[in-house]
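Asks: what follows is a protein structure lacking sequence information:
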Ligand code: CAO
């Protein structure tokens, strides 16, 4: 068993542990982060010095650690074998990977190097030069954090570079305007490369010269700021007596003068974001950064990805589908822009979401409503009842009867997709066309109401909807919806399931058709219906049974009394 100790922290002591990246029993690879510590200048991951199994964690979040403290114990893996002991404190054997960087001191101070200097207060154009990268060369640019013309403050991040050991920011050497940027993400840079130019407004003489004092960070707080800005610690380049692996410095932030594109996150989180193709700025803007001092954590990136997957599709594209390209229609003729009503915007989003989320199938059928229409018309003609009877309340009642017999249609799929939530109430939504757009008021407890009661409810809701006077409660709780275009026309249409419901009945205009009955052609009034359903919940057989049963009930409406 070996101990993982805190390496040289560049002069810092009592540094706060802000993240525990592993648990007891975890198998780790060499250089996997064990804990993350944070000073007010930098965030550093303390990596595993070898592959193996974590036995015990000796620290917890919020603890303060200093160089040499034991943070965990590890059982070196088979592959770590003989190297295992090389990484523990007090062992003189050099780390096997120190050859990678020529065995440099693990803390290499890097300060922006430029030949162009100016006096304080003058505006000067000067090249932006890649400083000493702690022995690394051909380091990949993973983020260009500024644009040409952008005003930056001294220490604002210009570029983020990443080796397999560390993530480094190249900060602006001075306040000023970016005149040019010559690199892009994916390019490789080395010390001395000119990456662009800045028109600086104020430069403190000597600030950009190389400095040799590797302990100055602890000596002079005013100097410390500039000296800390690109301090690279090579991951395994440890030749000190304490053979614990050196920390990999993640992105240091001073909290002030932070540009929009500068995000506070460790290398592992940046890597994860890149793997997902996610912008950390968007993560911060959308789901926020939940770490101390707005540090983006792994969970933030994961939450952002979940959020994007669940988010309502819009005309900007959804489910990974490319958006429809914008067209300047005025090139072809006069156009005018009409704002969508609030209801139209809400229902557009809702319908798009339903259409994308639900695997729809539509079952068509034709129902002979000749006898029902005769009955309906005679009732209206007699004028016995105050309420005018249209076809719709008969449909609502018949649907409710089928829902009782086939409860799978009176259900919703639980969000986890594991359970069906079957409702024991019968509330049916009725699509109503209004000047403001489509609304779906809900006739409640249909099982307790007569066809006349339902007709009265439908009429009242349609009037209220068209007058814009529906109460929110009237629009809630629907189990199943009916969209009737029968009063208007059409032979068939495929309605969109009104999620979280699992089916919807579309009704088109009834028409007289010749039907072969008892050895002769009979003129019969035929009602076309279309049942769209969520195929995750309802299979085709059940859908056909639904429309068949609906047909029986409406072709002999005496069944509705039973
Ligand atoms: N076939 C033939 N005639 C029909 C019919 C059908 N399927 N459905 C209704 N009719 C008749 C009615 O019986 C009535 O005839 P009478 O005046 O002779 O009695 C006439 O058409 C007008 O009916 P209505 O539309 O006023 O009443 P309704 O109860 O049938 O419908 C309502 C009410 C609110 C559903 C309807 O007015 C409406 O708004 N429909 C549009 C629904 C909608 O927008 N759906 C969205 C589709 S997807 O965007």
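Replies: Everything's here; your move. Bear in mind that the values here come from a model prediction, so they are computed numbers and not experimental data. Numbering: from 1, shown residues only.
Asks: could you give the mean pLDDT of the helix or strand harbouring residue 353?
Replies: Using DSSP states H and E, residue 353 sits in helix 342-357. Looking at helix 342-357 alone, the average pLDDT works out to 92.
Asks: now it, how far from the chain's geometric center?
Replies: Mean C-alpha position of helix 342-357 versus that of the full chain (C-alpha atoms, centre = their mean, to the nearest Å) differs by 19 Å.
Asks: residues of that helix that come out buried?
Replies: Neighbour counts using 16 or more other C-beta atoms under 10 Å place 343, 347, 350, 351, 352, 353, 354, 357 of helix 342-357 among the buried residues. Glycine gets a C-beta too; all of them are placed from N, C-alpha and C.
Asks: any chance of those in TSV, plus distance to the ligand?
Replies: Converted to TSV, the buried residues of helix 342-357 look like this (distance: C-beta to the nearest ligand atom, whole Å):
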residue	distance to the ligand
343	12
347	8
350	12
351	8
352	13
353	15
354	12
357	18
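Asks: hmm, back to that, for the helix holding residue 353, which helices and strands make contact with it?
Replies: strand 437-439 (3 or more C-beta pairs under 8 Å, 6 or more residues apart in numbering; DSSP states H and E).
Asks: any regions of the stretch 201-350 of the chain where pLDDT drops low?
Replies: For the stretch 201-350 of the chain, the stretches with pLDDT under 70 are 202-262, 267, 292-293, 311-319.
Asks: beyond the longest strand belonging to the chain, next helix or strand please.
Replies: In terms of residue count, the longest strand belonging to the chain (DSSP state E) is strand 520-534. Past strand 520-534, further along toward the C-terminus, the next helix or strand under DSSP H and E is helix 540-555.
Asks: what's the angle between that following helix and strand 520-534?
Replies: Angle, helix 540-555 to strand 520-534, by axes from the mean of the first three to the mean of the last three C-alpha atoms, to 10 degrees: 130 degrees.
Asks: could I get the buried residue list for helix 540-555?
Replies: Those would be 543, 545, 546, 547, 549, 550, 551, 553, 554, 555, for helix 540-555 by 16+ other C-beta under 10 Å.
Asks: the helices in the stretch 251-400 of the chain, which residues?
Replies: For the stretch 251-400 of the chain, the helices defined by DSSP state H, counting those that start in this stretch cover 267-276, 280-286, 298-310, 342-357, 370-382, 391-405.
Asks: among these, which is the most enclosed?
Replies: Among the helices of the stretch 251-400 of the chain, helix 391-405 has the highest mean neighbour count (mean count of other C-beta atoms under 10 Å), at a mean of 22.
Asks: ok, so of the buried residues of helix 540-555, who is nearest residue 138?
Replies: Set against residue 138, the nearest of those by C-beta to C-beta is residue 543 (62.1 Å).
Asks: confidence score at that closest one?
Replies: 98.
Asks: across the sheet, point out what pairs with residue 170.
Replies: With DSSP bridges applied, the residues forming beta bridges to residue 170 are residue 159.
Asks: my read: it touches residue 162, true?
Replies: No - counting by C-beta atoms under 8 Å, residue 170 does not reach residue 162; the two are 11.7 Å apart.
Asks: so between those two, which is more surrounded?
Replies: Between residue 170 and residue 162, residue 170 has the larger neighbour count (other C-beta atoms under 10 Å), namely 25 against 21.
Asks: near the ligand, which residues of the protein are found?
Replies: Selection of the chain residues close to the ligand by C-beta under 6 Å from any ligand atom yields 390-392, 430-433, 438, 458, 462, 483-487, 507, 509-510, 527.
Asks: quick check on the residues you listed: which are buried?
Replies: Buried residues within these, counting neighbours by 16+ other C-beta under 10 Å: 390-392, 430-433, 438, 458, 462, 483-486, 507, 510, 527.
Asks: mind listing what the residue of the chain at minimum distance from the ligand touches?
Replies: Proximity to the ligand, evaluated over the chain using C-beta to the nearest ligand atom, is greatest for residue 486 at 1.8 Å. By C-beta atoms under 8 Å, 6 or more residues apart in numbering, the residues touching residue 486 are 391, 392, 507, 508, 509, 510, 527.
Asks: show me the strands in the stretch 51-200 of the chain, by range?
Replies: Using DSSP state E, counting those that start in this stretch, the strands found in the stretch 51-200 of the chain span residues 52-57, 64-65, 70-76, 107-110, 124-129, 139-144, 151-152, 157-162, 167-171, 175-181, 188-189, 194-202.
Asks: go through the ones you listed and pick out the most buried.
Replies: Each of the strands of the stretch 51-200 of the chain was assessed for mean neighbour count using mean count of other C-beta under 10 Å. The highest is strand 167-171, with a mean of 26.
Asks: now for that strand, which elements pack on it?
Replies: strand 157-162, strand 230-233, strand 248-249.
Asks: could you give the angle of that strand to strand 139-144?
Replies: Angle of strand 167-171 versus strand 139-144, following the same axes, to 10 degrees, is 70 degrees.
Asks: quick one: strand 167-171 to strand 194-202, angle?
Replies: Using the same axes, to 10 degrees: strand 167-171 against strand 194-202 is 50 degrees.
Asks: quick check: mean pLDDT of strand 167-171?
Replies: Averaged across strand 167-171, the pLDDT comes to 78.
Asks: also stretch 447-460?
Replies: 97.
Asks: what residues of that stretch count as buried?
Replies: For stretch 447-460, the neighbour count (16+ other C-beta under 10 Å) marks 449, 451, 452, 453, 454, 455, 456, 457, 458, 459 as buried.
Asks: now do stretch 5-24
Replies: Within stretch 5-24, the residues that qualify as buried are 5-12, 15, 17-22, counting by 16+ other C-beta under 10 Å.
Asks: my guess is residue 533 contacts residue 545. True?
Replies: No - counting by C-beta under 8 Å, residue 533 sits too far from residue 545 to count as a contact (11.5 Å).
Asks: for the closest residue to residue 401 other than its chain neighbours, what are its contacts?
Replies: Closest residue in space to residue 401, ignoring its immediate chain neighbours: residue 553 at 5.8 Å, by C-beta to C-beta, 6 or more residues apart in numbering. By C-beta under 8 Å, 6+ apart, residue 553 lies in contact with 398, 401, 402, 559, 560.
Asks: okay if I get these as TSV plus distance to residue 127 and pLDDT?
Replies: Formatted as TSV, the contacts of residue 553 follow (distance: C-beta to C-beta, whole Å; pLDDT from 0 to 100):
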residue	distance to residue 127	pLDDT
398	80	98
401	82	98
402	78	98
559	88	89
560	86	87
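Asks: closest to residue 45 among those residues?
Replies: For these, the residue nearest residue 45 by C-beta to C-beta is residue 402; the value is 61.3 Å.
Asks: okay but the closest one is in contact with residue 549, surely?
Replies: Yes - applying C-beta under 8 Å, one finds residue 402 in contact with residue 549, separated by 5.1 Å.
Asks: now the helices for the stretch 401-550 of the chain?
Replies: Using DSSP H, counting those that start in this stretch, helices in the stretch 401-550 of the chain cover 451-466, 540-555.
Asks: for residue 281, find the nearest of those.
Replies: Closest of the helices of the stretch 401-550 of the chain to residue 281 is helix 451-466, at 43.0 Å (criterion: C-beta to C-beta).
Asks: mind giving me the packing neighbours of that closest one?
Replies: Where contact means 3+ C-beta pairs under 8 Å, 6+ apart, helix 451-466 is packed against helix 391-405, strand 428-430, strand 432-434, strand 442-443.
Asks: mind doing that once more with 6 Å?
Replies: Packing partners of helix 451-466 (3 or more C-beta pairs under 6 Å, 6 or more residues apart in numbering; DSSP states H and E): helix 391-405, strand 432-434.
Asks: any idea of the angle it forms with helix 391-405?
Replies: Comparing the axes of helix 451-466 and helix 391-405 via the same axes, to 10 degrees yields an angle of 110 degrees.
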